[in-house]
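Student: just need the structure, nothing else, for what follows:
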Amino acid sequence: MFADFLRRLTAPAIDPLTEGDARLALTALLVRIARSDEDYALSEIELIDRITASRYGLSPADARALRAEAEQLEAEAPDTVKFTTAIKHAVPYEDRLGVIESLWQVVLADGQRDDAEDALLRTVSRFLGISDMDSALARQRVQGN
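Tutor: Residues are numbered from 1 along each chain as shown. You can find the predicted model right below:
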């Protein structure tokens, strides 16, 4: 189902993503981070829906549909490095920085920082071209510090 999308996303010369494709790709990253600790909790699912509804101005039903589609994409997506590097070249920095903040929201949703989630978030940040400092500042904003 997503073969053409993934082929375009990981092609050597990446065309800018459409707004809908960018939403889907970035939501798939939220799903990937939530699944990384092998406990894809309802609280994380609901948070992803709230984040996408708020970020993209979607109704709750449309946010759920986007997340469901992103879950399928995430399951079919190549390894995280190729996926995030492709997104880096197709999505503006400000949007990528906002996604890092959203990823921290998902990581911290259950009140615990899991080593697998932390490691994946560091990898995603690096391959999205987000500095450790900007990622740390995003985490602090999420924590209210």
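
Student: what separation is there between the most centrally placed residue in the chain and Val107?
Tutor: In the chain, the centroid-proximal residue (CA atoms, centre = their mean) is Leu29; its distance is 2.5 Å. Noted for Leu29: a distance of 12 Å to Val107, by CB to CB, to the nearest Å. Every residue, glycine included, has its C-beta placed from N, CA and C.

Student: same question, Val124
Tutor: Val124 is 10 Å from Val107, by CB to CB.

Student: so what sits against both of the two?
Tutor: Common neighbours of Val124 and Val107 (criterion: CB atoms under 8 Å, 6 or more residues apart in numbering): Ile33.

Student: from the contact counts, what lies against the helix or strand where Leu24 lies?
Tutor: Element membership for Leu24, per DSSP states H and E: helix 19-35. For helix 19-35, the contact count by 3 or more CB pairs under 8 Å, 6 or more residues apart in numbering; DSSP states H and E identifies helix 3-9, helix 42-56, helix 60-76, helix 80-90, helix 93-107, helix 115-127 as packing neighbours.
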